[in-house]
Each structure stands twice: as C-alpha cells, then as structure tokens.
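Enquirer: Requesting a structural model of the entry that follows:
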Amino acid sequence: MALTAHGSPGIRSLSHAWAGPLVLAVVYGVWAAGIHREGGPITGGNVLYGVVTGVVFGALYAAVRRFAPGLPRELRAAAWAVFAGVSFGFLYSLTDASVLRSTGMAAVVAGGVFAATFYHFYTRE
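Expert: Numbers count the residues shown, from 1 in each chain. This is a model prediction of the structure:
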C-alpha cells in the first residue's frame, strides 16, 4: 500500500484495495436479484435483496482476501474453495434447483477452485 508524504495510505491505494470487492459485490448482487425476480418486474424488495446479497458477498470476499494470505497454502486454497463453492451454490439454489443438485454443483465448483488455487500457491511458494 502506497503511503503519502504524511505517512497515511493514499487515496489511490485505498481505492484499488476496495475496487475489486466493490465491483464483484455489485455484480453478484445484481445477478442474485435478477435470478430471484424470475423475469418479473423489478420491485423494491428485489432491489433490497440484491443489495443485501451484494453486501454480504463483498464482506465475505474482503474477509477471505484479507485473512487468507496468512494461512498455509492448503488452508488458503480451502478458504477460496469454500468461498467460491458457497457463492456459486447460493446462486444456483435461486434457480429452484433441488438442495442436492445445488450442493453437488457447489462441491464441483469448490473442488475445481481448490485444485487450481492449490496448484497456484504450490508452484509460486
């Protein structure tokens, strides 16, 4: 993080630190709200659903991004895998799929993310 002449973080570095979680949270919230409304009209409740979903997703993403680097590579890969699996599984469950199908699809996504992130961390440390 870049520091200004006064020793405090610069606005540019803070905006870069929050840009990723913010953009992903907005996209996730809009996506969840779109699936939740099932092609019907946009309502205040639907907008609120998207905002709450986006805020929760963004907070969890920021938490994993903040705390995962301090973990060993196996746990770091598992943290990203769980986050990705739960995030995907929640969106998939909004499509009125069964709990078993949603869980299975989330497990497949989590397994793929675990394999990819573990390989990434293993080859770069």
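
Enquirer: In contact with residue 110, which residues are there?
Expert: 81, 82, 84, 85, 86, 88 (Cβ atoms under 8 Å, 6 or more residues apart in numbering). C-beta here means a position set from N, CA and C on the backbone, and glycine is covered the same way.

Enquirer: Go ahead and list the helix or strand containing the last one.
Expert: Per DSSP states H and E, residue 88 falls inside helix 73-93.

Enquirer: Flag every buried residue along that helix.
Expert: Going by neighbour count (16 or more other Cβ atoms under 10 Å), the buried part of helix 73-93 is 73, 76-85, 87-93.

Enquirer: rewinding a little: export the contacts of residue 110 as CSV, with columns for distance to residue 111 and pLDDT.
Expert: Output for the contacts of residue 110, formatted as CSV (distance: Cβ to Cβ, whole Å; pLDDT from 0 to 100):
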residue, distance to residue 111, pLDDT
81, 7, 97
82, 11, 97
84, 10, 97
85, 8, 97
86, 13, 97
88, 11, 97
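
Enquirer: give me the low-pLDDT residue ranges for this protein?
Expert: 1-14 (pLDDT under 70).

Enquirer: distance of the most centrally placed residue in it from residue 39?
Expert: Against the mean C-alpha coordinate of the chain, by Cα atoms, centre = their mean, the closest residue is residue 61 at 4.4 Å. Plainly put, residue 61 is 28 Å away from residue 39 if you go by Cβ to Cβ, to the nearest Å.

Enquirer: Specify the angle between the helix or strand containing residue 47 and helix 73-93 in degrees.
Expert: Element membership of residue 47 [criterion: DSSP H and E] is helix 44-67. Helix 44-67 and helix 73-93 are oriented at 170 degrees to each other (axes from the mean of the first three to the mean of the last three Cα atoms, to 10 degrees).
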